[in-house]
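1. quick one, what's the 3D model for this:
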Amino acid sequence: MQLTEEQFAALRQKAEEDYKQIGTVLCPFLHDDVHFNSEGFEHLLFKAFGVTRSREEQYMRLKLVPLAVRVLKQSHTMQEYSEERRFERVRSNGVWQKALKLVKYYGFVAIINNALIKVIVKEVEGRNKHFYSIIPRWREDIIKGNKKRVLHRGNPEED
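-> Numbering: from 1, shown residues only. Model prediction:
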């Protein structure tokens with residue numbers, strides 16, 4: 001599917017407006033609200049600070065956001081969990097700086113409309129849990145010369 005720059009810009013703007021309307025979603029497994037904040041939206045567009053995802057990948061993830069809401073609202077089981085201490089941007093005394101924080105990642109997997117998707121929720125020590133990423137199942141990698149479908153690359157910070 002080929003999108004013009006104008007079509008893609010319009011889709012992205014509409015997706016951002018819809019995303020902002022979500023606010024929070026109560027996740028039954030976490031017994032807590034998951035916030036849909038700007039960090040989650042930025043991660044749909046960028047792999048890391050300054051590293052943009054391809055337009056096709058951005059399009060796919062933006063289109064899947066409504067499914068992320070469904071997955072979180074209906075999840076009574078967590079499929080993945082990891083935690084690590086890492087440097088995170090935090091605002092302290094009005095200044096952005098990096099601080100070493102405990103970061104937890106919760107992974108929820110579901111099949112919706114014949115699509116297997118994974119939703120990542122991120123929790124940084126001292127902050128609310130927030131939507132971080134949605135990963136489609138149908139991405140393919142070439143591993144040892146063979147095409148193989150993979151759910152993610154194993155790094156929740158980048159996926």
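2. only the buried residues of stretch 81-96, if you could.
-> Buried positions in stretch 81-96, judged by neighbour count with 16 or more other C-beta atoms under 10 Å: 88, 90. (Each C-beta comes from the backbone N, C-alpha and C, glycine too.)
3. enumerate every residue touching Val65.
-> By C-beta atoms under 8 Å, 6 or more residues apart in numbering, Val65 lies in contact with 15, 18-19, 22, 44, 134.
4. now do 6 Å
-> Val65 makes contact with no residue under the criterion C-beta atoms under 6 Å, 6 or more residues apart in numbering.
5. same thing with Val124?
-> Val124 is in contact with 88, 101, 103, counting by C-beta under 6 Å, 6+ apart.
6. pretty sure the second one contacts Glu125?
-> Yes. Using C-beta atoms under 6 Å, Lys101 is in contact with Glu125, at 4.3 Å.
7. which residues in the protein form strands?
-> Ranges of strands in the chain, per DSSP state E, are 24-27, 32-35, 46-48, 51-52, 80-92, 95-112, 115-124, 129-136, 140-143, 146-149.
8. picking that back up, and Lys101 and Glu125? which has more neighbours close in?
-> Neighbours per residue (other C-beta atoms under 10 Å) separate Lys101 from Glu125, with Lys101 holding more: 17 against 14.
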